[in-house]
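*Asks:* got a structure for you, letters missing:
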């Protein structure tokens with residue numbers, strides 16, 4: 001089952017697949033361009049149909065595209081054997097956990113874009129200062145970099161050192177100008193499009209920032225990140241295997257970091273090593289200035305591919321194996337150790353907390369998707385197509401899973417898509433059948449609330465083991481539960 005934000009992206013892709021205009025930003029925001037994930041998911045909807053499964057498959061396919069660019073970019077830089085090690089390490093890095101399938105709007109899209117930029121960088125870097133590079137190569141890199149900035153700024157920050165290296169290496173004012181003009185033009189493009197995007201969700205990431213405290217928490221944050229046992233800003237209970245793999249990855253991070261520093265001093269690829277180190281430090285440094293309430297372990301995701309790249313380059317392969325696999329004893333030993341780490345990471349992921357049912361759902365008979373389908377079926381059977389959701393994320397799951405047959409709203413009269421709350425309120429004032437819906441986990445507290453409002457005899461129904469609904473609530477009950485009715489609907 002999708003989470004609320006995934007359901008929002010699913011709605012965006014559904015609307016696009018139906019021929020509606022392409023939205024640049026995630027619904028309700030004026031940041032986080034989602035066109036890559038949006039277009040990708042819409043194409044999958046057209047082929048496979050609109051469903052949660054199609055959205056998951058689309059998101060995973062986009063991550064695989066990014067992984068492929070990472071693989072072939074590393075092959076451009078260091079050859080086949082090194083690229084294979086880097087690619088396998090990234091596949092088995094538990095830090096990504098379930099994120100390759102989470103359609104959150106810009107993390108998987110940002111990853112794919114970053115690796116596309118990295119693949120372009122690798123090609124330009126290996127040509128050195130050769131003058132025969134076509135201007136179109138820098139125009140494409142500029143457009144890609146500008147789109148990366150609009151998609152996710154942390155991913156953009158992680159690419160800046162690589163971009164600086166290739167521009168410094170070539171020392172061409174013409175190529176630099178082409179790149180910057182294309183990047184800036186794309187970044188400015190949203191400002192030229194008529195209409196102002198909604199600013200419903202506009203978090204102050206720098207509010208309540210405490211870099212000193214964040215610095216003391218950084219080791220724990222890195223360890224938790226590599227364990228994969230996290231959910232947004234929450235550290236989850238990890239099993240023994242997750243702890244072992246997290247410790248192994250942290251050790252590899254330190255070893256690879258020392259190896260890259262040594263290359264900066266003495267190695268032939270000192271500029272590349274400097275870019276990798278600087279990129280990692282910029283990502284870690286940027287997270288120090290994110291206010292603690294808004295910090296999420298996912299903001300460290302750019303660190304995963306950087307670590308895999310640094311480790312694979314640190315191991316190194318002989319020049320004769322640039323285009324073939326290293327079948328020497330040392331090469332085989334390295335590959336075996338890599339496969340062991342990859343297997344441990346994959347096993348830690350599938351046995352970790354992200355793949356276990358939430359405690360409140362463990363004893364239910366139906367899957368999460370079956371439960372919400374049951375809720376939708378029960379509501380439609382009663383002729384209810386408009387509901388008030390007590391949970392801010394549940395509303396989006398209802399709208400998407402019902403293919404907008406049921407429109408839902410939360411307490412805010414505007415929300416990310418103001419037309420939805422307005423439609424629900426209009427249905428209420430027109431006398432249509434409506435309902436309040438909520439999570440079964442909060443049923444007891446809601447029942448107690450009804451008693452406090454002298455409504456203890458109100459009939460409540462349950463659906464799919466996970467949800468409850470109360471049909472045709474009064475205006476007084478809606479307002480008592482915190483729903484602010486839309487003035488436009490009231491006037492109508």
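*Replies:* All right, it came through fine. Computed from a prediction, not measured in an experiment: that's the story for all the values here.
*Asks:* which stretches of the chain have low pLDDT?
*Replies:* By pLDDT under 70, the weakly predicted segments of the chain are 105, 128-133, 194-198, 316-331, 354-364, 456-457, 490-492.
*Asks:* and the residue nearest the centre of it?
*Replies:* For the chain, the residue nearest the mean C-alpha position is residue 107 (3.3 Å; CA atoms, centre = their mean).
*Asks:* need the contact list for that residue.
*Replies:* Applying CB atoms under 8 Å, 6 or more residues apart in numbering to residue 107 gives the contacts 99, 152, 298, 301. Glycine gets a C-beta too; all of them are placed from N, C-alpha and C.
*Asks:* same check on residue 366?
*Replies:* Counted by CB under 8 Å, 6+ apart, residue 366 has contacts 374, 464-466.
*Asks:* what helix or strand does the spatially closest residue to residue 397 that is not a sequence neighbour sit in?
*Replies:* Nearest non-adjacent residue to residue 397, counting by CB to CB, 6 or more residues apart in numbering: residue 7, 4.8 Å away. Counting by DSSP states H and E, the element that carries residue 7 is helix 4-17.
*Asks:* circling back: and the residue nearest to the centre of the chain, how far is that from residue 93?
*Replies:* Between residue 107 and residue 93 the distance is 15 Å, computed by CB to CB, to the nearest Å.
*Asks:* do residue 183 as well
*Replies:* Distance, residue 183 to residue 93, by CB to CB: 29 Å.
*Asks:* repeat that for residue 461.
*Replies:* The gap separating residue 461 from residue 93 is 45 Å, by CB to CB.
*Asks:* the two: who's more crowded?
*Replies:* Legend: neighbour count by other CB atoms under 10 Å for residue 461 and residue 93, higher for residue 93 (25 against 15).
*Asks:* distance of that one relative to residue 68?
*Replies:* 16 Å.
*Asks:* now residue 145
*Replies:* For residue 145 relative to residue 68 (CB to CB), the value is 19 Å.
*Asks:* with residue 193 instead?
*Replies:* In terms of CB to CB, residue 193 sits 31 Å off from residue 68.
*Asks:* wait, residue 175 sits on residue 139?
*Replies:* No. With contact defined as CB atoms under 8 Å, residue 175 does not reach residue 139; the gap is 9.5 Å.
*Asks:* show me which of those two is the more surrounded one.
*Replies:* It is residue 175, of residue 175 and residue 139, that has more neighbours when counted by other CB under 10 Å, with 21 against 16.
*Asks:* once you drop chain neighbours, what's closest to the more buried one?
*Replies:* Take residue 175 and drop its neighbours on the chain: the residue closest to it by CB to CB, 6+ apart is residue 138, 4.7 Å away.
*Asks:* residues in contact with that neighbour?
*Replies:* Applying CB under 8 Å, 6+ apart, one finds that residue 138 lies in contact with 124, 175-176, 178-179, 182.
*Asks:* next secondary structure after the helix or strand where it lies?
*Replies:* Under the criterion of DSSP H and E, residue 138 resides in helix 135-151. Remark: after helix 135-151, the chain's next helix or strand is helix 153-170, criterion DSSP H and E.
*Asks:* quick check: domain ranges of this protein?
*Replies:* 4-355, 368-491 (automatic domain parsing).
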